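> what's the 3D shape of this:
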Amino acid sequence: MKYPSPRRCDCTENLHGHKVADPYRWMEDPDGEETKKYVEEQNSITMPYLEKCCVKKVFHETLVDLFNFPKHGCPFKRGEKFYYNYNSGLQNQYVLYQQDKPGDVGEVFLDPNTFSEDGTVSVGSKSFSKDGQILAYTVSVSGSDWKTIKFMRSDTKEELDDVLHDVKFSCLSWTHDHKGLFYNRYPKASTKDLGTETNSNIHQKLYYHKLGTPQEEDILCLELPDQPHWMPGCEVSDCGSLLLVYISKGCEPVHKLWVHELPDMGLPQQFNFTKIADHFDGEYNFITNKERVLYFMTNLQADRYKLISINLDSPSQDKWEDIIPEKKSVLEWAACVRGDLLVTCYMEDCVNKLYIHKLETGVLVQEVSLPPGSVVGYSGRVQDSFIYFKFMSFINPGVIYYMDLSKGDQNFTAEIFKETEIKGFDSADYVTKQIFFTSKDGTKVPMFVTHNKDLVLDGKNPTLMYGYGGFNISLSPSYSCSRMIFIKYLGGIFVEVNMRGGGEYGNDWHHAGSLANKQNVFDDFISAGEELCRLNYTSPPKLAIEGGSNGGLLVAACANQRPDLFGAVICHVGVLDMYRFQKFTIGHAWMTEFGDPEKAEEWEWLRKYSPLHNIPEKGVYPATLLLTGDHDDRVVPLHSLKFIATLQHTLGAENPHPLLIRVDTKSGHGAGKPTAKRLLETADCYAFIADQLGATWRQ
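As a prediction, the model looks like this:
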C-alpha cells in the first residue's frame, strides 16, 4: 500500500536535556492548506479500502436494520408537565417530548433534527427554571465543545430572543425567582469556525444572565485572573437561597467549595463567598439541603465516597457529620426524593446496586433488586414522590422501572414501565462472564467476556477487547447493537476490561493508573489479552483492541509495546502526543491525570509511553485504523495526524498490514454525532476488524 509522503520539517527542540524532533509540527494548524491537503490524501486511501472490506455492506445494512427500534429515556417532571427523550429508531438526534402524564405519547417539544438537514446540529445540556416555564438548552454545531445557550417557553414552545455565545463546559443553574441563570463562558474565540481552533481554553468566568437583557449586560459573578486554568461551576440549592460554587483546576475529582447567600432567591448586590472547603483535597457533589444543613457526596478521606452533612452555622470540617459512611463498594451517585429519602447507586465489582435510605440518618430502608448490569438513567428529585431508572447490561438492551415512593418507608416495588425489544434478539442465546486475571505486578483485575452460549474455546474466535482506564471513569455493562452483530454474525467475542485508572474501585484504583503509575493501565490491558489467549478464547492474530480518547492513548501505547499480541487496532480520537497535549484547547486540564510535560520529572513519565514518540523502528505492526473528526476541539486532530504520519513513515513501506486514518468532516469528539454518521463509522470499524481477523459472515 502506498501512503502519502507529507513534508518533514526540521523542527526540533530541547526538552529537559533531550533533543526531540517534531517533523510534522505544521499539522498542528488545522486550517492550513497543507494540512487540509494531507487529510484529503489520507481519506482518499482509507475510504476506498474500507468500502472494499468484505462485510462492510452487509454489516451496515444489518446494523441499520437492528438499530431501528424505539429508544426511550426516563420520564422527568418539570413544573406541571412531564418530559422524556425519545428516538423512533434512526433519527439523527433524540427528540424531547412533553406530556401530561407518563405513558402518554405526548407531543414534540424540542426537535434538534429540524436544526440541520444532516443532523450535525445537536442539543446538549438542558435546564428548566424552577417553575418549569422556561427551558435553557445548549446547541452544538458539528460536534464542537463550543455551545450556544438558547431559551424557550414550555407552554407555547416560543423561542425567546435571548442567545448566549462563547460557552464551553458550562453550568446552567436558575435562580428560583425564575428571572435568569448562572452559566460559564470564555473570552471571545478568535476563529470564525468554532471547533477547528486549537487555542488553549483559559480564563473561564462565571456569569449571571437575566432574561430579556443582552449578553453584554450579563453580571460577572466570579473570575480567577491569577489562575487561568481554574474553572468555576455552580448550582443553586434546592431551597433557592444558596449558591454553591465549585472551583476545579483539572480533571482530578477534587475542587474547592464556596457558598453564597441568595437574598429573596435572586442575586446579591455583590459576591462575598464563604469558603467551606478551600483546598483541592476532596470532591463535593450536592445532594440536597434542609434549611442550613447541606448534604454532599464526597471523597474527602473516603476513597470510595461517602455521604456527609454540613451545617452552615458551624461549617468547620471538624463539625461535618457522616450520614452514610464509606463502604467497600463505590458510591457513584445519590439523589434525594420525597424530601426525606435518599436513592444511592453503588458500584460493586463493576456492576450497579441501588439502595434507598433515610436522608437525615442514612439508615438503609431497602435494596432495589436488580440483575447484574448498570443503571444508565435516573429521574427523581427532592419534590417528587416517585423515581424512574433505566437498567441495561451487555445482553439486555434496556428496561425502565418506576417506583412509587409516596406511601410508607419500606417495601417499595420497582415496576416495569418500558422494556426495549429488538427483533431477532434473544438474550438467552448469549452469556456474559466476569473473569478476574492477574496483571503484571500481581494485581487482580476484572474483565467481562460476552459471547454466544455455544462458543467453542479453540483459540480461533475473533475477539474485540475494549478499554479506557483513566480519569476516574468507570466502565460498566451496556448494550450495543454493533457488538451483538459482531458476536452473532461474525462469531465474535466482546471483552470489556476494567483497568486501573478508572473509578471502578475508588480513588486508589484511579491513582494506581494515573501520573507516574500510568504504565499499570497498559500492563493491565496487555495482561487481559494474554489471559484471553491462555484460556483459549482467542489468539493474537484473532485479537483486536479498541479505545477512544484516553482509551485511544491506551490502545496506541499497547500496540507500540506489544505489537505481537494484537491483530488489529481501532484508535478513536486518541491523545497521542504526550509532549504537547497541554498546549491545545482543554488539554491543560489533563495534567492532573498525565502529568505536566514542562516539569522534568513528569516528562520522564510521559517519555516512556507517549505513543507518537515510542513507535517501534522495525518489526511487524498490527493493522491499525485511527479515527478523528475535523471539529474535535477536545482531543484535537493533530494527535492522530502526526501519529499516522510517523507510523506510516517509520513502518509503512514494509509492514504487511494496513496503517490507516479516517478523518470525518463536521464531526467532533463524539457527543452529538448524528445516528447516520455513527452507523457508517461503526460499520467501517467492524468491517476493518473482520478483514484483519479473518472473520466471515454467517447467517
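> touching, D524 and G502? I think so.
No - with contact defined as Cβ atoms under 8 Å, D524 does not count as touching G502 (9.8 Å). Where you see a C-beta, it was placed from the backbone N, CA and C, and this is true even at glycine.
> so which of these two has more stuff around it?
Neighbour count, other Cβ atoms under 10 Å: between D524 and G502, D524 has more, with 29 against 25.
> give the contact list for the more buried one.
S439, K440, T443, V445, G469, V497, M499, R500, G513 (Cβ atoms under 8 Å, 6 or more residues apart in numbering).
> now with 6 Å?
Residues near D524 by Cβ atoms under 6 Å, 6 or more residues apart in numbering: S439, V445, M499, R500.
> would you confirm that it belongs to a strand?
No - the assignment for D524, made by DSSP: H, G, I helix; E, B strand; the rest coil, is helix rather than a strand.
> for it, give its distance to T438.
Applying Cβ to Cβ, to the nearest Å, the value for D524 to T438 is 10 Å.
> could you give the average pLDDT over stretch 29-46?
Model confidence over stretch 29-46 averages 96 on the pLDDT scale.
> in stretch 37-53, what's buried?
Residues Y38, V39, Q42, N43, I45, T46, Y49, L50, C53 are the ones in stretch 37-53 that count as buried (16 or more other Cβ atoms under 10 Å).
> can you tell me which of those is nearest S127?
The nearest member of these to S127, counting by Cβ to Cβ, is V39 at 36.9 Å.
> hey, where'd the helices end up in the chain?
33-52, 56-67, 481-490, 507-511, 519-534, 550-561, 591-594, 600-607, 638-647, 675-693 (DSSP state H).
> out of the ones you listed, nearest to K210?
In terms of Cβ to Cβ, the element of the helices of the chain nearest to K210 is helix 591-594, at 34.7 Å.
> hmm, who's touching the closest one?
The contact list for helix 591-594 (Cβ under 6 Å, 6+ apart) reads G250, C251, E252, F471, S514, Q582.
> who's in contact with L206?
Shown in contact with L206 (Cβ under 6 Å, 6+ apart): N184, C221, L222, P232.
> kindly report the same for V108.
Contacts of V108 (Cβ under 6 Å, 6+ apart): V95.
> surely Y38 is in contact with Y3?
No - using Cβ atoms under 6 Å, Y38 is not in contact with Y3, being 11.0 Å away.
> list the contacts for Q133?
S154.
> quick check: pLDDT value at it.
For Q133, the pLDDT comes out at 98.
> before we move on, what about the one 4 residues further on?
Here, the pLDDT recorded for Y137 equals 98.
> hang on, isn't it packed against K126?
Yes - assessed by Cβ under 6 Å, Y137 is found in contact with K126 at 4.6 Å.
> these two: which is more packed in?
Counted by other Cβ under 10 Å, Y137 and K126 do not tie: Y137 has more neighbours, with 20 against 16.
> so what's G398 closest to, chain neighbours aside?
Spatial nearest neighbour of G398, excluding adjacent residues (Cβ to Cβ, 6 or more residues apart in numbering): T420 at 4.1 Å.
> so which of the helices of the chain is nearest E348?
Distance to E348, taken as Cβ to Cβ, is lowest for helix 507-511 among these, at 13.3 Å.
> my read: S129 touches T175, true?
No - judged on Cβ under 6 Å, S129 makes no contact with T175 at a distance of 8.8 Å.
> next, the contact list for P30, please.
Per Cβ under 6 Å, 6+ apart, neighbours of P30: T196.
> how far away is it from R7?
Counting by Cβ to Cβ, the separation of P30 from R7 is 16 Å.
> now E34
7 Å.
> with L15 instead?
23 Å.
> which among the contacts of helix 591-594 gets closest to S427?
Nearest to S427 among those, with distances taken as Cβ to Cβ, is F471, at 31.2 Å.
> where in the stretch 101-250 of the chain is pLDDT low?
190-193 (pLDDT under 70).
> residues near E530, how many?
Using other Cβ under 10 Å, E530 has 18 neighbouring residues.
> distance of it from G552?
Plainly put, E530 is 21 Å away from G552 if you go by Cβ to Cβ.
> and G574, by the same measure?
Look at G574 and G552: by Cβ to Cβ, they are 2 Å apart.
> how about L680?
19 Å.
> so for these two, which sits in the more crowded spot?
Under the criterion of other Cβ under 10 Å, the comparison of L680 against G552 puts G552 first, with 28 against 17.
> hang on, isn't the more buried one packed against H572?
Yes - if you go by Cβ under 6 Å, G552 and H572 touch, sitting 5.4 Å apart.
> residues near the residue nearest to L194 when sequence neighbours are not counted, how many?
With sequence-adjacent residues excluded and distances taken as Cβ to Cβ, 6+ apart, L194 is closest to W146, at 4.2 Å. Neighbour count of W146, defined by other Cβ under 10 Å: 25.
> does W146 touch A189 like I think?
No - counting by Cβ under 6 Å, W146 stays clear of A189, with 7.1 Å between them.
> how about the strands in the stretch 201-350 of the chain?
205-210, 219-222, 231-236, 242-248, 256-261, 274-277, 284-290, 293-298, 306-311, 321-324, 330-337, 341-348 (DSSP state E, counting those that start in this stretch).
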